[in-house]
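Peer 1: Below are the sequence and a predicted model; questions follow.
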Amino acid sequence: MSTLHPKLADVRDTIHRRNPGEAEFHQAVDEVLLSLTPMIERHPDYVEDSLIERFCEPERQIIFRVPWVDDNGCVQVNRGFRVEFNSALGPYKGGLRFHPSVYLGIVKFLGFEQILKNSLSGMPIGAGKGGSDFDPKGRSEGEIMRFCQSFMTELYRHLGEYTDVPAGDIGVGGREVGFLFGQYKRITNRYEAGVLTGKGLAWGGARARTEATGYGTVYFVEHMLAEQGRNLEGLDVVVSGAGNVALYAAQKVTQLGGRVVAMSDSGGYLVDTDGIDVAAMIGLKEKRRGRISEYADTHGGRHVSGGSIWEVPCTVALPCATQNELDAEGAHHLARNGCQVVAEGANMPATPEAVEVLREAGVAFAPGKAANAGGVAVSALEMQQNATRDSWSFDHTDARLREIMAGIHRTCVDTAEAYDVPGDLVTGANIGGFLRVADAMNAQGVI
Ligand SMILES: NC(=O)C1=CN([C@@H]2O[C@H](COP(=O)(O)OP(=O)(O)OC[C@H]3O[C@@H](n4cnc5c(N)ncnc54)[C@H](O)[C@@H]3O)[C@@H](O)[C@H]2O)C=CC1
Ligand SMILES: O=C(O)CCC(=O)C(=O)O
């Protein structure tokens, strides 16, 4: 593994000093700077004009109050965020997360990863991310609607189809995007469909957007397996999480002949070595918003409260829940049990220590900014359809998604080879994503 280039070490120290207490943002930046080292050694011009400092500094950070009235008539106050990180390639683009853990450091790590991801997708989109420390768990539909309306009452002034285009993330799905879009429309008196993505199909949404992140991750895995001369047929797969990304990753795995042997939510994990019935799981989680533990009561398998899903033997592991959910111990379990491929469906779910354990054990590893880019890529296709007032078929959009994921995989593999680290998809993704943004920033002057 390379050591950090001295100029990049200076940048890292400045970022840590300027952004105290933002552990996740530091983690994301440290990983990228380390990966850029071989490129800076070959092209020192990329550290001129403080390009890397500018790359790591958001263009704009918006923090706002979100007051709303709960079902008991009490006023609640949450904090809202939107970090507009980089617009070199297009309007700021990236999701909104509603989860009690959200603070500036989380939004910045997500926005920073989004720059490289959106660049790798090849689409004309910049990068942003936002959210709130609002906890939707246990809240009524009315409370969620009032929260979304209040959130948009401040955020709307920063958005626009040519400015900033949010979408969903943890705790924000089709229902919340609907409430947000409705409020934007009321305030602006404009049917600006391209201002949000992940919309319902009847009102400007794109077919396959719901499935895109999970499907895209599995398409990426197909390419990783093809490099090893095989496919998913008959393989055991562990998928952590049971939200949008996890459910549709699991669906695609089963469609391609793999067996999903474990899934999880924040209450624990479910193991079924005969293969989880993914259609039933989608019904439970998406339609009934139930807990994963309820699946065992009706469909079999064993539910384990707490514990580590990474102890379940598998050949392929897809962490699809949240950041830092796969630590070194989990990675050791995976490697010891014969896991050969890990691809991140979530954003930064593997800790740096876990990635190192997998690397040393020879497990192929794909970072989220490459493997989960299918979601934002199809969001860009949704914007394209909105701009032309068109609506494509599922198959057409899915075919575009497949092509995009193949392109991202190729960029990562080729870039890793070009920088003498064949098979290192982390370096390939970071350098491959960085170059397109850096060249655009350079062409646009000191921005
Ligand atoms: N929805 C999308 O299109 C995209 C999502 N992602 C990432 O994928 C991951 C999952 O997002 P979604 O599926 O959209 O969210 P979601 O809200 O639909 O599902 C999140 C899942 O993770 C679990 N989870 C959340 N926090 C947890 C915690 N602290 N501990 C254990 N489990 C936890 C939840 O129980 C749920 O099963 C996130 O990292 C997100 O940033 C990445 C690219 C696109
Ligand atoms: O579709 C989008 O714009 C959001 C995707 C996202 O937030 C992500 O890629 O992490």
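Peer 2: Sure, I can see it. Ligands and ions are numbered 1, 2, ... in the order given.
Peer 1: ok now the helix or strand bottoming out on mean pLDDT in the chain, how far from the chain's centre?
Peer 2: When the helices and strands of the chain are scored by mean pLDDT, DSSP states H and E, helix 293-299 comes last with a mean of 92. Distance of helix 293-299 from the chain centroid (C-alpha atoms, centre = their mean, to the nearest Å) equals 28 Å.
Peer 1: same check, this time on stretch 341-352
Peer 2: Taking C-alpha atoms, centre = their mean, one finds the center of stretch 341-352 at 10 Å from the center of the full chain.
Peer 1: Ok, stretch 143-154 next?
Peer 2: From the chain centre to the centre of stretch 143-154 is a distance of 23 Å (C-alpha atoms, centre = their mean).
Peer 1: quick one on the thing from earlier: could you list the residues in contact with the least confident helix or strand of the chain?
Peer 2: Outside helix 293-299, the residues that touch it by C-beta atoms under 8 Å, 6 or more residues apart in numbering are 267-268, 270, 272, 276-277, 280-281, 284, 301-303, 305. Quick note: C-beta positions are derived from backbone N, CA and C, even for glycine.
Peer 1: Apply 7 Å and report the result again.
Peer 2: Gly267, Gly268, Leu270, Asp277, Ala280, Met281, Leu284, Gly301, Arg302, His303 (C-beta atoms under 7 Å, 6 or more residues apart in numbering).
Peer 1: Over to stretch 100-109?
Peer 2: For stretch 100-109, contacts defined as C-beta under 7 Å, 6+ apart pick out 21-25, 27-28, 58, 81, 83, 129-133, 135, 348.
Peer 1: Can you pull the residues of the protein lying near ligand 2?
Peer 2: Contacts of the chain with ligand 2, taken as C-beta under 6 Å from any ligand atom, map to Lys93, Gly94, Gly95, Gln114, Lys117, Ala167, Asp169, Thr197, Asn347, Gly375, Val376, Ser379.
Peer 1: any chance of those in TSV, with distance to Asp49 too?
Peer 2: Output for the residues of the chain next to ligand 2, formatted as TSV (distance: C-beta to C-beta, whole Å):
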residue	distance to Asp49
Lys93	25
Gly94	26
Gly95	31
Gln114	23
Lys117	24
Ala167	32
Asp169	33
Thr197	33
Asn347	29
Gly375	33
Val376	28
Ser379	31
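Peer 1: so where is the protein shaky, pLDDT-wise?
Peer 2: The chain contains residues with pLDDT under 70 at 1-2.
Peer 1: For the spatially most central residue of it, which three-state class applies?
Peer 2: Central residue of the chain (C-alpha atoms, centre = their mean): Asn347, 4.3 Å from the mean position. What DSSP: H, G, I helix; E, B strand; the rest coil gives for Asn347 is coil.
Peer 1: Ignoring the adjacent residues along the chain, who's closest to it?
Peer 2: In this structure, Asn347 finds its nearest non-sequential neighbour in Gly368, 4.9 Å apart by C-beta to C-beta, 6 or more residues apart in numbering.
Peer 1: Was I right to think that neighbour contacts Ala343?
Peer 2: No - if you go by C-beta atoms under 7 Å, Gly368 and Ala343 don't touch, sitting 8.4 Å apart.
Peer 1: tell me which residues in stretch 42-56 are buried?
Peer 2: The neighbour-count check on stretch 42-56 (16 or more other C-beta atoms under 10 Å) flags Tyr46, Val47, Leu51, Ile52, Phe55, Cys56 as buried.
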